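**Q** Sharing a model that was predicted from the sequence below.
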Amino acid sequence: MQHDVTAFGDEHDLPAAPDRFLDRELSWLAFNERVLDMAADQTLPLLERVNFLSIFASNLDEFFMVRVAGLKRRISTGLAVPSVTGTQPRATMKAITQKASALARRHADLYRLDIRPRLEGEDIHVVGLDDLTEAERASMARLFEERVFPVLTPLAVDPAHPFPYVSGLSLNLGVVLRHPRSGVEHFARVKVPPVLPRFIDVASIQPDGQSGRGSRTTADPDAAARFLPIEELITAHLDILFEGMEVVSASCFRITRNEDVAVEEDDAENLLKALEQELERRRFGPAVRLEVTDDMHPRVRELLVSELALNESEIYELPTPLDLRGLSILADIPREDLHYPKAVPFVSRALAEAESSDQPDVFSALRDREILLQHPYESFSTSVQAFIEQAAADPHVVAIKQTLYRTSGDSPIVDALIEAAQAGKQVLAVVEIKARFDEANNITWARKLERAGVHVVYGIVGLKTHAKLCMVVRQEPGGLRRYCHVGTGNYHPKTARIYEDLGLLSSDPVVGRDIAKLFNQLSGLAPDTTYSRLLVAPSRVREGLLEHVREATERARRGERARIRMKMNSIVDEAIIDHLYLASRAGVEVQLFVRGICAIRPGIPGLSDNIEVRSILGRFLEHSRAFVFEHGDRLQHAEASIGSSDLMHRNLDRRVEALVRLQDPQHVDEVRQMLDLAFSDSTAHFELDCDGVWTRIASDADGAALDDYQQQLYRAHRTRWSRQRG
C-alpha cells in the first residue's frame, strides 16, 4: 500500500492523510487471528492449543454480538458515516464478512484436521454413540431419559405453531419429520439446553445414567478420555421426542444476536430496573449471524434464512461440531504432559518480609513503602485479597471504599465488604452494573451488598466506572491513615490467576488524598476535582499522556534522545496516534506493546518509521496498562504510570479511569525491565507492519526458538522469591 505523507505539512502539523489509521474492526479480527495462530502452533502443549481454539470461538461470538451488530444497526438506521479510515460502513461490513468467514473455516479445519487427530493420538477422543460399548450406550440412554429428556422442548412449525424464537448463542437441532401415513414433511426445532455439558465425559457417567462423583479431575489421568457431543445424544433419541413420526434429517444451527445494551440513564429513575428491562430486551435482539452445518437439509436452511431475515453473507456454513467454545471442557483434562508446566504464584517479596503467622501483614508492610505487584506471578490472594480481608477484620479500620467492575459471584472480596459492613464499618462500593455481559451478575451481588448495609452507588451518570481502586481508612496512634490499591485489573480472584495485571499498594498521603477525592466525586458531586499523582478520565488521561508525548517530541527536536513505551490492550484514539506520529517524525523511539486492537500504522517512511508495535499472547492474558517516558543519553531518566485505561474513545471519554504515577525508582525500573524483555530480539512475539499484517516471530535467523516472554517473567519472579527466602 502506498502512503501519502506529503499531506502532513511541516513537522509541527498533525498528519491529515486518511489512511494513517488501521480499521479497528479488522484490527480486532487480526487480534483473534493471532489467537488462532497460537492454536495452530505445534510447539505448544496440545491441550493449551485446544484452549486457544475455545477462546477464539468465544471471542468471535462477542465480536458479532457487539461490533458487527452495531455496524449493522448504523447501516440500517441510515447513520452510515465513513470511519476515520474513510471507509464506508457497507465496505467495512463486506471486508469483515470475508475475513470472518475465512477465519471461521480455518478454525473449524484446524480442529477437524489437526487438533482432533492429535487428541486421538493422546487417547482423548470426541466420539459418537456408535463408538461406545453396549453398556456405555445403555448408560447414555438412561442419562438421556433421566437428565436430558425432561428439559427438552421440541417446537414444531406448522399453521398452528409459528416459527419459534431462537435465543442467541444457543445450539439447536433443525429437524425434518415425515408423517408415516400422509408423507407430509414438517420442521421442528429442538434447543440444546445450556444447563447441559457441551461434551459429555463418558467416563463420568455411571451405569445408572447419573454423573459420577467427580469428573475427569478425579479420574485416572492416564485412562482414555472420551467425550460425546450433547447434540449426538439428543439426535439419537429424537424418536422419543417425536413419537409416531419419521426423522428425515437433523442438523445443528446457531444464531448470534445483537446483545449489546444501552440505557438512557438521564431518563431512568432507577438504573437497576432500567438495566434489567434492557437485559430482557437483549434476548430478542435481531440476528446478525447464522451458523449451520454443511450437512443441513436445504429446506431447513431456506426456512431459517427466511424466518430470520438474513442474507447469504450472514450465513456461516461449517463442518460439525458447531460451538467450539465447549472445547474448554477438553482443555481442562488434567494431563500435565499436555499443559503448560504448573506456575504457582509467589508471595510478593515486600509482603513476605512482613509475614505474621501464615499471612503477610499488609498494613505493616505498607507503612514505610509502596509495593508494586504483578499478577499472576505474584499471588492475588496473599496481596490484594488479603489487604481487603484484613481491612474487614481489623477493628482499627473505620471505612473501606471500593470500585467493582467485574468479580465472581462467590467472591471473597464481596464477602469481605459484607463482613466489614456488618461489623459497623462504613463501606462504599461503586458498582459498575453496565459491565458488558456481566450486567445480570453485577445486579445480583449489588443487591446482596445493599442488603448487608453496604452503601452501593453506580458512579456518574453517562460514564462507566472502570477504574480499579480500593481505599481503607484506619485509625492509628498518629490519626487516621489511608491505605490504597490502584490496579490495572478487576477485583476478580479467578481471573487474577490467568490475567497478567499490575497493581500498586500505597499508604502515601498524596495517593490517599487523590483516591479519597475520586471516591467523593463518584459518590457525591465534585466535578472540578484535581489530582496530584493520579490521571483520571474523562478529564485528564488523554491530555496528561499527550503532555508527556509532546515533551518527548520537543526533547527529540532539540537533539536529545527520548523514548515512549506503552503497554495496553488497545490503541484507537486518533489524537494520541497523531501525536505519536509527530513524535516518531521528530526522532522519538516509540515502542507499543498491544494485546488487541491497534489502529496505528508503524514503519511508514517519513511518518512512523520510529514506531514499533508488538503483541504477545501466551498462557496468561496480557491485561496490564503501563506508560513509560524516558530521556537522556542512556535513557537514564524515566517516568512511569500504570492504571485501568486503554487508549480508546470509550476509555478516555466515556469512562472513569485512573492511572497512578509510580514514585519509587525501583518500581519504575521493574516496569522498564518488563518492557525491555517484551522488545528484546530474543523474545518471541507478533510484529505489526504498516499494512496491518501481523507476523509471528518465534525463531531467530538460524531457526532456534526464541524465548517465551511469560516464562521468562515467571523465572524472574521465582528468582526474586528464592533470594528473599534464601
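**A** Looks like it arrived, so ask away.

**Q** ok, and the helix or strand in this structure with the lowest average confidence?
**A** helix 271-282 (a mean of 52; mean pLDDT, DSSP states H and E).

**Q** Can you tell me which helices and strands the following helix or strand past that one packs against?
**A** Next helix or strand after helix 271-282 toward the C-terminus (DSSP states H and E): strand 287-293. Packing partners of strand 287-293 (3 or more CB pairs under 8 Å, 6 or more residues apart in numbering; DSSP states H and E): strand 246-257, helix 298-308, strand 315-318. The way it works is simple: take the backbone N, C-alpha and C, and place the C-beta from them, glycine included.

**Q** So which bits of the longest one are buried?
**A** Read that as strand 246-257. Buried positions in strand 246-257, judged by neighbour count with 16 or more other CB atoms under 10 Å: 249-257.

**Q** Okay, strands next: where are they in the stretch 601-726 of the chain?
**A** Listed in chain order, the strands of the stretch 601-726 of the chain (DSSP state E, counting those that start in this stretch) span residues 611-615, 621-622, 625-631, 637-643, 655-661, 685-688, 694-697.

**Q** Parallel or antiparallel, list what pairs with the fourth one.
**A** Taking DSSP bridges as the criterion, strand 637-643 sits next to strand 625-631 (antiparallel), strand 655-661 (antiparallel) in its sheet.

**Q** Out of those, which is the most enclosed?
**A** strand 655-661 (a mean of 25; mean count of other CB atoms under 10 Å).

**Q** chain center to that strand: distance?
**A** Centroid separation between strand 655-661 and its chain, computed with CA atoms, centre = their mean, to the nearest Å, is 19 Å.

**Q** Quick one: mean pLDDT for that strand?
**A** Across strand 655-661, the average pLDDT comes to 96.

**Q** can you check stretch 614-627 too?
**A** The model assigns stretch 614-627 a mean pLDDT of 97.

**Q** now swap in stretch 455-474 and tell me
**A** Per-residue pLDDT over stretch 455-474 has a mean of 88.

**Q** And for stretch 22-41?
**A** Stretch 22-41 comes out with an average pLDDT of 96.

**Q** quick one: residue 186 is in a strand?
**A** Yes - counting by DSSP: H, G, I helix; E, B strand; the rest coil, one finds residue 186 located in a strand.

**Q** ok, back up a step: and of the strands paired with strand 637-643, who's closest to residue 205?
**A** strand 625-631 (45.6 Å; CB to CB).

**Q** Check the offset of the closest one from the chain's centre.
**A** That offset, for strand 625-631, works out to 24 Å (CA atoms, centre = their mean).

**Q** cool, stretch 325-340 as well?
**A** 19 Å.

**Q** What of stretch 581-596?
**A** Offset of stretch 581-596 from its chain centre (CA atoms, centre = their mean): 25 Å.

**Q** for the buried residues of strand 246-257, which one is nearest residue 417?
**A** Distance to residue 417 across these (CB to CB) is lowest for residue 257, with 34.7 Å.

**Q** what bridges to the residue nearest to residue 164 when sequence neighbours are not counted?
**A** Spatial nearest neighbour of residue 164, excluding adjacent residues (CB to CB, 6 or more residues apart in numbering): residue 155 at 4.2 Å. Per DSSP bridges, the residues bridged to residue 155 are residue 189.

**Q** so who does residue 155 touch?
**A** The contact partners of residue 155, taken as CB atoms under 8 Å, 6 or more residues apart in numbering, are 161, 164, 188-191.

**Q** Do you know the pLDDT at the residue in the chain sticking out farthest from the centre?
**A** Among the C-alpha atoms of the chain, the one most distant from their mean position (CA atoms, centre = their mean) is that of residue 181, at 53.7 Å. Note for residue 181: predicted pLDDT of 90.

**Q** Next up, the contacts around it.
**A** By CB under 8 Å, 6+ apart, the contact list for residue 181 is empty.

**Q** change the start of the numbering to 398 and stick with it
**A** Understood, numbering begins at 398; the last thing we discussed is residue 578.

**Q** tell me the SS of it?
**A** coil.

**Q** ok, it to residue 989 distance?
**A** As judged by CB to CB, to the nearest Å, residue 578 and residue 989 stand 70 Å apart.

**Q** Equivalent analysis for residue 713, please.
**A** For residue 713, the distance to residue 989 - CB to CB - is 33 Å.

**Q** With residue 1024 instead?
**A** Counting by CB to CB - residue 1024 and residue 989 are separated by 11 Å.

**Q** Could you pull out the residues contacting both of these two?
**A** Listed as contacting both residue 1024 and residue 989 by CB under 8 Å, 6+ apart are 962-964.

**Q** With neighbour numbers in mind, choose between residue 713 and residue 989.
**A** It is residue 989, of residue 713 and residue 989, that has more neighbours when counted by other CB atoms under 10 Å, with 23 against 20.

**Q** residue contacts, the more buried one?
**A** Counted by CB under 8 Å, 6+ apart, residue 989 has contacts 962-965, 968, 977, 995, 997, 999, 1008-1011.

**Q** Over to residue 1029?
**A** 957-958.

**Q** on that earlier part again, mind putting the contacts of residue 552 into CSV with distance to residue 453?
**A** Below are the contacts of residue 552 laid out as CSV (distance: CB to CB, whole Å):
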residue, distance to residue 453
558, 37
561, 30
585, 32
586, 27
587, 27
588, 24
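
**Q** What about those, which one has the most neighbours?
**A** Neighbour max across these (other CB under 10 Å) = residue 585, 23 neighbours.

**Q** Quick one: distance of stretch 1074-1092 to the chain centre.
**A** Distance, centroid of stretch 1074-1092 to centroid of chain: 21 Å (CA atoms, centre = their mean).

**Q** for stretch 959-972, same thing?
**A** Centroid separation for stretch 959-972 versus its chain: 19 Å, with CA atoms, centre = their mean.

**Q** Extract the CA atoms of it and return them as PDB.
**A** Output of stretch 959-972 as PDB, limited to C-alpha atoms (Å, rounded to 0.1, in the frame of the first residue of the first chain):
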ATOM      1  CA  ALA A 959      13.800  10.200  24.000                       C
ATOM      2  CA  ARG A 960      11.700   7.100  24.100                       C
ATOM      3  CA  ILE A 961       8.000   6.400  24.600                       C
ATOM      4  CA  ARG A 962       6.800   2.900  25.600                       C
ATOM      5  CA  MET A 963       3.200   1.900  26.200                       C
ATOM      6  CA  LYS A 964       1.600  -1.400  27.100                       C
ATOM      7  CA  MET A 965      -2.100  -1.700  26.700                       C
ATOM      8  CA  ASN A 966      -5.000  -3.800  25.400                       C
ATOM      9  CA  SER A 967      -6.000  -1.500  22.600                       C
ATOM     10  CA  ILE A 968      -5.000   1.800  20.900                       C
ATOM     11  CA  VAL A 969      -7.500   3.500  18.700                       C
ATOM     12  CA  ASP A 970      -7.600   7.200  19.900                       C
ATOM     13  CA  GLU A 971      -6.800   9.400  16.900                       C
ATOM     14  CA  ALA A 972      -5.300  12.300  18.900                       C
END
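
**Q** That stretch: which residues count as buried?
**A** 959-970, 972.
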